[in-house]
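Undergrad: Fold the following.
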Amino acid sequence: MAKAIHSMIRVTDEDRSVAFYNRAFGLELADRYDFEGFTLIYLSNAETGFELELTVNKGQDAPYDLGNGYGHIAFSVNDIDAEHKRLSELGLEPRDIKSLDHDGTPLATFFFLQDPDGYMIEVLQRAGRYL
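TA: I've put the predicted structure just below:
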């Protein structure tokens, strides 16, 4: 069984976006991970475990073309290998499983899958912050 855990949008100004989502929806900073080329900011509130992930790409000054802007919805699973195999057997063509470390510590094991309209879906191994 899969569980929806977050949705991601790209933003150009971290402070402005965090302030907006706090004011508009009461979302608070849950986690922040700074990488060389981008920063991931996770926002949540007490109403749900579902989070909004803000991605700030360093060096991006121009607004994103929202019609073509990249984003995804994410689901966590108990066994990423079994889920990847199941989706492959259904002919849904999941991308390769990858891992992401932050400061030398494992952060995520995941793969992406594209829906019929071209929207990207991230599937993450349930572990750490991705339960």
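Undergrad: Quick check: Leu27 touching Tyr42?
TA: No: if you go by C-beta atoms under 8 Å, Leu27 and Tyr42 don't touch, sitting 9.4 Å apart. No exception for glycine: its C-beta is placed from N, CA and C like everyone else's.
Undergrad: hey, which helix is longest across the chain?
TA: helix 14-25 (DSSP state H).
Undergrad: buried set for whichever helix or strand comes after that one?
TA: On the C-terminal side of helix 14-25, the closest following helix or strand by DSSP states H and E is strand 28-34. Neighbour-count burial for strand 28-34, with 16 or more other C-beta atoms under 10 Å as criterion, is recorded at Ala30, Tyr33.
Undergrad: I would like the residues contacting stretch 31-48, please.
TA: Stretch 31-48 is contacted from outside by 6, 14, 17-18, 21-22, 25-30, 50-59, 102, 107, 129, using C-beta atoms under 8 Å, 6 or more residues apart in numbering.
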